[in-house]
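[1] Turn this into a structure:
(one chain, ligands or ions: 1)
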Amino acid sequence: MTTRVACIGECMMELSERPDGSLLRSYGGDTLNTALYLARLGVAVDYVTALGDDPWSEEMLAAWAAEGIGTDRVRRLPGRMPGLYIIRTDGSGERSFHYWRDSAAARDLFAGPGAAETREALSGYDLVYASGISLSLYGEAGRAALAETCRAVQARGGRVAFDTNYRPRGWPDTAKAQGAFRDAMAAADLIFASAEDLDWLYGAEGEAEVLRHHGRCEIVLKGGGSPPSVRVLARDEDVTVPAAPVGSVVDTTAAGDSFAAAYMAARLAGRPPAEAAAIGHRLAGAVIGHRGAVIPRAAMPDLALT
Ligand code: ADP
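    Numbering: from 1, shown residues only. Presented below is the predicted three-dimensional model:
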């Protein structure tokens, strides 16, 4: 039987401002990047989010379908729109991000009349993947609904993966984020944790917050350094797997997202954790060699997963 993966989150409209003030439009989202790379690696994956009934929502759906991402679980909320952000680049090349996202359709994935259907559908997946950014979308009630849905996934024999992606501006205060991340890590079967995120969120206690789950679940702790290493902790295993140096790092957007996709694809293909980490590094290494989150298909490394 095919293993089915659900990636939960938000894809936003991205507008990049050019020096003359004109705006170049594209789309972006952390869990969407992961879904896209999972699909490219041959994994049956659905993106689970909510969109509006506007032309840009239609375009997103068409683009995801063209990448082989399943869109049957995308809720459509009439009259709503996707979130939007503008990237402004200053004279020294420094980028800043500016958001319009409070009313984004994706925030209501677990609210309103269609939510029960989404939750029921989600509970039938073999693997459900969400990030800290996904958590920041839903508010207390939505997060509780997601947590309950994850328990239903596990009760049916499925697994839950959580990637710590932490963006402070998505949260009303640090304490809320700390609590939500703690709950999500405690409920996950697989945690992708970035040392940097943990540091921002919990300070010196960051690593301890995730390492307390060693033995209970699989942990991929992404460290710093150049090239960086990851520490993989699974059952009796505790190994450090360094990334190979990359000729030129062009743009690290989606490095972690693509790493998670290749790691999960490798684990689903039966590869052991340390090997999955090396495979994750290979895809992420290719992704950071190109501009943007999504590299050309021709640049995808052959990870020999099948
Ligand atoms: P994110 O901040 O998006 O989570 P990370 O910095 O943790 O991304 O990097 C994710 C992965 O990308 C690393 O595990 C590694 O595979 C790859 N990577 C990132 N930076 C480099 C680098 N300088 N050299 C080689 N690989 C890198």
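
[2] ok, so what distance separates the residue nearest to residue 122 when sequence neighbours are not counted from the ligand?
    Distance criterion CB to CB, 6 or more residues apart in numbering; nearest residue to residue 122, sequence neighbours excluded, is residue 149 at 5.1 Å. To be clear about C-beta, it is placed using only N, CA and C from the backbone, and glycine gets the same treatment. Distance from residue 149 to the ligand, counting by CB to the nearest ligand atom, to the nearest Å: 25 Å.

[3] what helix or strand is the closest residue to the ligand within the stretch 151-300 of the chain on?
    Residue nearest to the ligand within the stretch 151-300 of the chain: residue 256 (2.3 Å; CB to the nearest ligand atom). Assigned by DSSP states H and E, residue 256 belongs to helix 255-268.

[4] mind listing what's buried in that helix?
    Neighbour counts over helix 255-268 (16 or more other CB atoms under 10 Å) mark 255-268 as buried.

[5] In TSV, list those residues along with distance to residue 90 and pLDDT.
    Below are these laid out as TSV (distance: CB to CB, whole Å; pLDDT from 0 to 100):
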residue	distance to residue 90	pLDDT
255	23	97
256	25	97
257	26	98
258	27	98
259	29	98
260	31	98
261	32	98
262	34	98
263	35	98
264	37	98
265	38	98
266	39	98
267	41	98
268	42	98
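
[6] give me every residue that touches the residue of the stretch 151-300 of the chain closest to the ligand.
    With contact set as CB atoms under 8 Å, 6 or more residues apart in numbering, residue 256 has these partners: 30, 163, 165, 192, 194, 222, 284.

[7] Near the second one, how many other residues are there?
    Taking other CB atoms under 10 Å as the criterion, the count of residues near residue 163 is 31.

[8] Spell out which residues of this structure are next to the ligand.
    For the chain, the contact set with the ligand under CB under 6 Å from any ligand atom comprises 194, 222, 226-228, 230, 243, 246, 249, 252, 255-256, 259, 280-281, 284-285, 288.

[9] Show me which of these are buried.
    Among the residues of the chain next to the ligand, the ones that count as buried by 16+ other CB under 10 Å are 194, 222, 228, 230, 243, 246, 255-256, 259, 280-281, 284-285, 288.

[10] Those residues: which two are farthest apart?
    194 and 246 (17.8 Å; CB to CB).

[11] circling back: which ones among the residues of the chain next to the ligand lie within helices?
    Among those, DSSP state H puts 255-256, 259, 280-281, 284-285 in helices.

[12] Low-confidence bits of this protein, can you list those?
    By pLDDT under 70, the chain has no low-scoring segment.

[13] The helix of greatest length in it - contacts with which helices or strands?
    The helix that spans the most residues within the chain, counting by DSSP H, is helix 132-155. Using 3 or more CB pairs under 8 Å, 6 or more residues apart in numbering; DSSP states H and E as the contact test, the elements touching helix 132-155 are helix 30-40, helix 115-122, strand 127-131, strand 159-163, helix 174-187.

[14] how about 7 Å then?
    Helices and strands touching helix 132-155, by 3 or more CB pairs under 7 Å, 6 or more residues apart in numbering; DSSP states H and E, are helix 115-122, strand 127-131, strand 159-163, helix 174-187.
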